[in-house]
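Visitor: how would this look folded up:
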Amino acid sequence: MDSGSQVQYEAPAGLLRIEDCLDEAGGIVLPPGTTLISLIDRNIAHVGDQVAYRYLDHSHAEEQTLELTWTQLGVRLRAVAAQLQQVAARGDRVAILAPQGLDYVVGFFAAIKAGNIAVPLFAPELQGHAERLETALLDSRPTTVLTTLAGNAAVQAFLEKMPESGRPRVVLIDEVPDAAGDAFTPISVDPDDISHLQYTSGSTRPPVGVEITHRAVGTNLLQMILSIDLLNRNTHGLSWLPLYHDMGLSMIGFPAVYGGHSTLMSPTAFIRRPQRWIRAMSEEAKHGRVITAAPNFAYEWTAQRGAPAPGEDIDLGNVVLIIGSEPVIPEVITAFNETFAPYGLPPTAFKPSYGIAEATLLISTIAPDEQAAVVYFDREQLAVGRAVRVSAQSDGAVAHVACGQPARSLWAVIVDPATADGPAAAEVPDGTVGEIWLHGNNIGRGYWGRPDETRRTFGVSLHSRLGSGSHADGLPAEATWLRTGDLGVYFEGQFYVTGRLADLVRIDGRSHYPQDIEATVAEASPLVRRGYVTAFTVDSGAGSDGDGTRLVVIAERAAGTSRADPQEAADAVRAAVADRHGLTVADLRFLPAGAIPRTTSGKLARVACRTEYLEGTLGVR
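Guide: Numbering: from 1, shown residues only. Take a look at the predicted model:
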């Protein structure tokens with residue numbers, strides 16, 4: 001429980017109690033019939049007049065605050081769901097292509113309430129991601145699209161470019177009258193029904209839809225609540241993350257469990273003025289504990305541009321900051337802490353975490369009373385799959401941030417990559433790097449429309465476990481596992497994520513982590529824009545030296561360097577990579593800001609960058 005000064009708020013009668021979701025051993029077991037809709041219905045019945053969702057609208061000259069109580073949300077869900085029942089059959093996919101806002105929340109939950117499968121996507125105005133949107137729509141084949149009056153023109157124009165056969169109809173969320181709810185027909189929903197398709201970010205492959213069930217959503221939300229110690233019901237969510245992103249969706253899931261509320265804002269509002277995020281944290285913290293989440297770049301951007309004005313009344317003493325979605329950069333945490341410690345930010349605020357769409361979201365995080373911790377591993381030993389601690393000053397020291405422990409009722413084992421593809425998959429001991437495999441009720445059901453890939457990814461078997469200290473203890477031998485494609489290691493009681501199998505740079509029989517090379521490039525010259533570097537290999541063809549692969553590095557220029565001669569920077573980068581990694585950079589390119597493709601969640605899209613490089617389209621935007 002929260003040991004701070006906050007009052008511990010008991011669950012109002014009729015709401016879900018966390019203790020009712022735990023078995024005798026403390027494992028998470030959802031009460032029978034628990035779904036997202038049943039949780040919302042509980043809140044409507046018992047705390048209907050309380051705020052469920054708040055949206056800070058910065059699209060006008062003055063900030064406007066829009067709110068929905070649970071009762072108002074219920075009215076809107078019933079109306080939009082009734083409209084969907086008129087045009088879509090049960091099990092049909094319904095895509096949400098609405099702008100960020102309360103109508104998006106209504107559309108997402110209404111699709112589920114109507115008996116459809118929600119497909120949370122984004123409005124076509126999101127620049128640079130039209131191909132991802134088209135891929136998701138062609139893959140999920142929704143019969144209906146939900147958007148708003150403001151977003152309708154862009155949605156209609158986008159849909160006109162798609163094949164006419166099977167083109168979805170469009171329903172405007174904000175044009176459906178409340179009275180339409182009179183025609184709603186209640187339906188039964190099973191916890192193991194699919195609630196929505198969560199499309200992956202596309203960092204290492206084209207986006208695919210993960211089938212997320214109600215059981216998976218409910219389990220993962222409880223795992224987050226227990227892992228981060230959010231048992232205080234006066235905890236509020238705050239998020240600017242896109243609502244089509246898995247963490248963005250979780251921020252609207254928390255209130256469903258609590259009967260509390262989340263405050264939302266748009267990603268654009270945050271990027272333009274990161275101070276808005278800080279001010280909203282401070283304001284929410286006056287009324288209770290605040291939990292927010294973001295990837296590396298957002299905390300770095302806020303440390304650079306989000307400091308309060310002199311004399312501004314900001315208090316961050318009651319916030320929890322989840323940082324994840326990629327290997328956590330320790331310097332980012334340090335910079336943010338240094339900027340905001342004068343405003344009461346506690347040293348335990350940051351919670352480095354690991355999560356993926358296939359697991360609904362959260363996999364592991366550090367304990368509530370722990371500070372973010374950094375360990376330095378030897379680069380040469382990591383290259384051969386061993387985690388060996390060295391001092392920060394040692395040659396070849398690589399910083400890694402601990403991601404704590406796997407969530408309750410979730411098993412995470414480390415498997416020898418050499419055996420992972422076959423019937424002899426073997427767990428490796430702590431201190432050995434391998435592929436992360438998962439088992440738990442928060443795992444998605446599979447990939448939409450991809451039965452073979454589902455079996456290869458979600459239904460694998462672990463052939464051999466460690467004789468003692470196995471991280472699979474408590475599971476039957478026949479248990480099936482999810483292959484994450486991520487590399488990790490248990491070291492001195494902590495869980496670390498070291499990279500992705502698909503991203504590894506393999507040259508002359510040795511493996512190198514791209515983020516490690518990219519950090520070297522960023523440190524080598526001020527011309528390089530930090531956090532905007534990609535490293536990958538290409539086939540150099542027959543007759544080349546070594547094993548026929550070449551290292552390519554793409555770097556965006558830092559602000560104010562567009563006219564600088566890149567030759568000095570190029571020499572420094574090549575020398576640093578050769579000295580630190582023993583690698584020759586075969587091709588190095590400096591591009592303008594924004595040239596390197598990124599996923600919709602802000603991560604580097606290395607595979608897309610490599611593809612554009614090979615096609616000769618890199619930087620053509």
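
Visitor: domain ranges for this protein?
Guide: Domain assignment for the chain by automatic domain parsing gives 45-215+240-272, 376-502, 504-615.

Visitor: first-to-last residue distance for the second one?
Guide: To tie it back to what came earlier, the one meant is domain 376-502. End-to-end distance for domain 376-502, by CA to CA, to the nearest Å: 23 Å.

Visitor: lowest mean pLDDT across the domains of the chain, which one is that?
Guide: Ranked by mean pLDDT, those bottom out at domain 504-615, with a mean of 88.

Visitor: could you single out the most deeply buried of the domains of the chain?
Guide: Comparing the domains of the chain by mean neighbour count (mean count of other CB atoms under 10 Å), domain 45-215+240-272 comes out on top with a mean of 20. Just so you know, the C-beta spots here come from the backbone N, C-alpha and C atoms, and that holds for glycine as well.

Visitor: off-centre distance for it?
Guide: Here the centre of mass of C-alpha atoms in domain 45-215+240-272, compared against the chain's by CA atoms, centre = their mean, to the nearest Å, lies 17 Å away.

Visitor: so who does residue 107 touch?
Guide: 80, 96, 98, 118, 146, 147, 173 (CB atoms under 8 Å, 6 or more residues apart in numbering).

Visitor: what is the nearest of these to residue 233?
Guide: residue 118 (26.4 Å; CB to CB).

Visitor: how about the backbone phi and psi for that closest one?
Guide: Backbone geometry at residue 118, expressed as degrees, to the nearest 10, gives phi -70, psi 140.

Visitor: before we move on, the earlier item: just checking, which of the contacts of residue 107 belong to strands?
Guide: Among the contacts of residue 107, DSSP state E puts 96, 118, 146, 147 in strands.

Visitor: which two among these are spaced furthest apart?
Guide: Across the ones in strands among the contacts of residue 107 (CB to CB), the longest gap, 13.6 Å, separates 118 and 147.

Visitor: which neighbours do these two share?
Guide: Shared contacts of residue 118 and residue 147 (CB under 8 Å, 6+ apart): 96, 107.

Visitor: would TSV of the ones in strands among the contacts of residue 107 with distance to residue 178 be doable?
Guide: Formatted as TSV, these follow (distance: CB to CB, whole Å):
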residue	distance to residue 178
96	20
118	21
146	16
147	19
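
Visitor: tell me what the lengthiest helix in the chain is packed against?
Guide: With secondary structure taken from DSSP state H, the chain has its longest helix at helix 70-87. Using 3 or more CB pairs under 8 Å, 6 or more residues apart in numbering; DSSP states H and E as the contact criterion, the elements in contact with helix 70-87 are helix 36-47, strand 51-57, helix 102-113, strand 144-147, strand 169-172.

Visitor: try it again with 10 Å
Guide: On a contact count with 3 or more CB pairs under 10 Å, 6 or more residues apart in numbering; DSSP states H and E, helix 70-87 meets helix 36-47, strand 51-57, strand 64-69, strand 93-96, helix 102-113, strand 144-147, strand 169-172, helix 246-258.

Visitor: okay, angle between the longest one and helix 70-87 too, please.
Guide: Put plainly, it is helix 246-258. 120 degrees (axes from the mean of the first three to the mean of the last three CA atoms, to 10 degrees).

Visitor: likewise the fifth one?
Guide: Compare the direction of helix 102-113 with that of helix 70-87 by the same axes, to 10 degrees and you get 60 degrees.
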